[in-house]
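In: show me how the following folds:
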Amino acid sequence: MINVINDNGTGSIADAINYLKSDFDHKNVKRSVKPRDFAGSAEECLVVADSIERKHKYVSGTLSFRDGEKPTDAQLQKIVDAFRKTFMAGLEPGVNYVDYWNIHEDKGNIELNYVIPLAELTTSRQMNPFPPGKAKEDFKDAFDAYINHQLGYDQVVPDPIKASESKFERKILPKSNSKSADEFRKNKPTKDEVSDYVAHQIINGKISSRQELCDCLENFGEITRVNNKFISLKPHGSEKAFRLKGPVYEYGADFKKIKIDHQTKNADFKKQLNDSDFEKVRATLERLTKSRREFNKKLISKPFGRKNKDRVYGDKREKPADDGGGTGSIGGSGSTSMTPVLVEKEVPVTKTVQATSDTQQIEIKPITASISTSSGSKSGSAGSNNAPTSSDIISSGGSSSDSSIGGMQSQLNDLRTQISNCKNPAKAQALKSQADSLEQKIGVAVAAERIKKLKESFKSSTHNKLKK
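Out: Model prediction:
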């Protein structure tokens, strides 16, 4: 299994979801197996993403399994659960974010696709499951290795001697008819030839330094750029350069080690992690998950709305009226340790596993209930903890969500006044904890009301962006 993160997210989320649901692939060939919904809600993802005014609205990707890897639906549900608790650590599905998962099986293997709008629901702030830079790759690779180890699957062992494909080559190029894509296709065989020739030279000991590598590449054309992570080459007779990436083309590459790794990449000991390697993977995953949890807890612990909304803007020489808000920082709470989710290995069965029976074994309840405010057939819990759902908050303290929010705001103002007048530090701290908790509830309620209105607007629209 490998997690492939797509490089889109700035376009239409409706197009992305419609493609995942479509009976036809990117070449407009009818799929031999119909896609099927698996978890989350496509409609809720569309509503949330359409409310985002930032450039990057969502992230999407695929957990792709090899042909021989056949996880059951129950195992896939546990993988989804592990994914959520890892990359969205500290957040609850349906309370803090929404997502959508579906399955493609038309290529002979299982592809578990996901779409996640980049918005934290209680604050409307940007949520990003994948941290930027090298940490994103380390995080993703550690998760892949951990899941593969738990399920007994072979580890993903890239060939260090081969020039890696860019996201443009892997995802966009096969579908694009643009002039730049056509030009790139003309150079693509040359890139393969260069990569193969370089590999042959390394294996035969003719390249042992980056300078010798560059000297070799100049036989094919002009080196237009040299970076710590890649080398750009414009072949003779070409108007466009291509980028050579991979361990071979990085600054400080150890060519002797690369040669050995290439020759042993298919060895059995590379396909499975030993105890020491697994401990390194577990430690990396725990460290990065802890970092995500702390970031997300800080994100949702900030006061909802404008921090100084009660400030009196008068003459600078006048002292603003005391609003009873008190002082102090608001921080996140909860454990920062990470207990990896257990995904059990496959147990051979003598009969076909039905999707319906597998689905009943899942540990995470449907997330639609926790953000749905209508009295329909959707019901249930948002997760395994005691986090309040938006429907619980909205229904308490009044006959409507507006009155409920107003009532909680009055309680919050009362608590602030008590904190301001309290002389007992211990009691003041207890009151502050109550105020922090109530402030979070208000944020959830406001976000739920926003989602409710967006849904009503979505349903009343004459143009449904999601195809049936």
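
In: and the nearest residue to N128 once chain neighbours are set aside, how many neighbours?
Out: Closest residue to N128 apart from its sequence neighbours, by CB to CB, 6 or more residues apart in numbering: L118 at 6.0 Å. Backbone N, C-alpha and C define where each C-beta goes, glycine included. Neighbour count for L118, taken as other CB atoms under 10 Å: 20.

In: go on, V281?
Out: Number of residues near V281 (other CB under 10 Å) recorded here: 20.

In: on that earlier part again, measure the residue nearest to N128 to T289 for me?
Out: L118 sits 19 Å away from T289, going by CB to CB, to the nearest Å.

In: which stretches of this structure form strands?
Out: 2-5, 36-40, 58-64, 100-104, 111-117, 221-226, 230-235, 242-245 (DSSP state E).

In: ok, which of those comes nearest T264?
Out: strand 2-5 (20.1 Å; CB to CB).

In: just checking, what packs against the closest one?
Out: If you count contacts as 3 or more CB pairs under 8 Å, 6 or more residues apart in numbering; DSSP states H and E, strand 2-5 packs onto strand 58-64, helix 134-151.

In: at 10 Å instead, please
Out: Taking 3 or more CB pairs under 10 Å, 6 or more residues apart in numbering; DSSP states H and E as contact, the helices and strands that strand 2-5 lies on are strand 58-64, strand 111-117, helix 134-151.

In: give me the contacts around that strand.
Out: 59-66, 83, 87, 111-114, 129-130, 136-137, 139-141, 143-145, 147-148, 153, 155-156, 158, 167, 170-171 (CB atoms under 10 Å, 6 or more residues apart in numbering).

In: just the buried residues from these, in ChimeraX please.
Out: Buried residues within the contacts of strand 2-5, by 16 or more other CB atoms under 10 Å, are selected in ChimeraX with:
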select :59,60,61,62,63,64,65,83,87,111,112,113,114,129,130,136,139,140,141,143,144,145,147,148,153,155,171
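
In: now the helices and strands packed on strand 2-5 as CSV including mean pLDDT and distance to F38?
Out: As requested, the helices and strands packed on strand 2-5 are exported to CSV (pLDDT from 0 to 100; distance: least, CB to CB, whole Å):
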stretch, mean pLDDT, distance to F38
strand 58-64, 95, 11
strand 111-117, 97, 7
helix 134-151, 91, 16
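
In: let me have these in a markdown table, extended by distance to S410.
Out: Listed next are the helices and strands packed on strand 2-5 as a markdown table, based on distance: least, CB to CB, whole Å:
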| stretch | distance to S410 |
| --- | --- |
| strand 58-64 | 37 |
| strand 111-117 | 32 |
| helix 134-151 | 43 |
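
In: how far away is G443 from S301?
Out: Distance, G443 to S301, by CB to CB: 10 Å.

In: so the two - more neighbours on which side?
Out: A count of neighbours by other CB under 10 Å puts G443 above the other of G443 and S301, at 23 against 18.

In: per-residue pLDDT, that one?
Out: pLDDT recorded at G443 is 71.

In: enumerate every residue touching the residue lying closest to A435 once chain neighbours are set aside.
Out: The spatially closest residue to A435, leaving aside those adjacent along the chain, is L415, at 4.3 Å (CB to CB, 6+ apart). Counting by CB under 10 Å, 6+ apart, L415 touches 324, 326, 431-439.

In: low pLDDT regions in this protein?
Out: Across the chain, the ranges flagged by pLDDT under 70 are 159-189, 265-270, 303-403, 447-448, 450-468.

In: what comes up buried for stretch 195-209?
Out: Buried-residue list, stretch 195-209, by 16+ other CB under 10 Å: 195, 198-199, 201-202, 207.

In: these two touch, right, A135 and S291?
Out: Yes. Counting by CB atoms under 10 Å, S291 is a contact partner of A135 at 7.9 Å.

In: so which of the strands of the chain comes closest to N274?
Out: Once the strands of the chain are compared by CB to CB, strand 2-5 is nearest, at 20.5 Å.

In: partner strands of that closest one, parallel or antiparallel?
Out: Partner strands for strand 2-5, per DSSP bridges, with pairing direction: strand 58-64 (antiparallel).

In: how about the strand it pairs with as CSV, C-alpha atoms only?
Out: Output of strand 58-64 as CSV, limited to C-alpha atoms (Å, rounded to 0.1, in the frame of the first residue of the first chain):
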residue,chain,number,x,y,z
TYR,A,58,-9.2,20.7,-0.5
VAL,A,59,-6.7,17.9,-0.7
SER,A,60,-7.2,14.5,-2.4
GLY,A,61,-5.3,11.3,-2.8
THR,A,62,-5.4,7.5,-3.0
LEU,A,63,-4.3,4.7,-0.8
SER,A,64,-3.3,2.3,-3.6
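
In: what angle sits between that strand and strand 111-117?
Out: Calculated by axes from the mean of the first three to the mean of the last three CA atoms, to 10 degrees, strand 58-64 forms an angle of 170 degrees with strand 111-117.

In: angle of strand 58-64 against strand 100-104?
Out: Using the same axes, to 10 degrees: strand 58-64 against strand 100-104 is 40 degrees.

In: okay, now the domains of this protein?
Out: 2-157+273-302+346-368, 167-263, 388-460 (automatic domain parsing).

In: Q411: what's it in contact with?
Out: 397, 434-435, 438, 441-442.

In: what's the closest of those to P93?
Out: Nearest to P93 among those, with distances taken as CB to CB, is K441, at 18.0 Å.

In: distance of that closest one relative to Q272?
Out: 47 Å.
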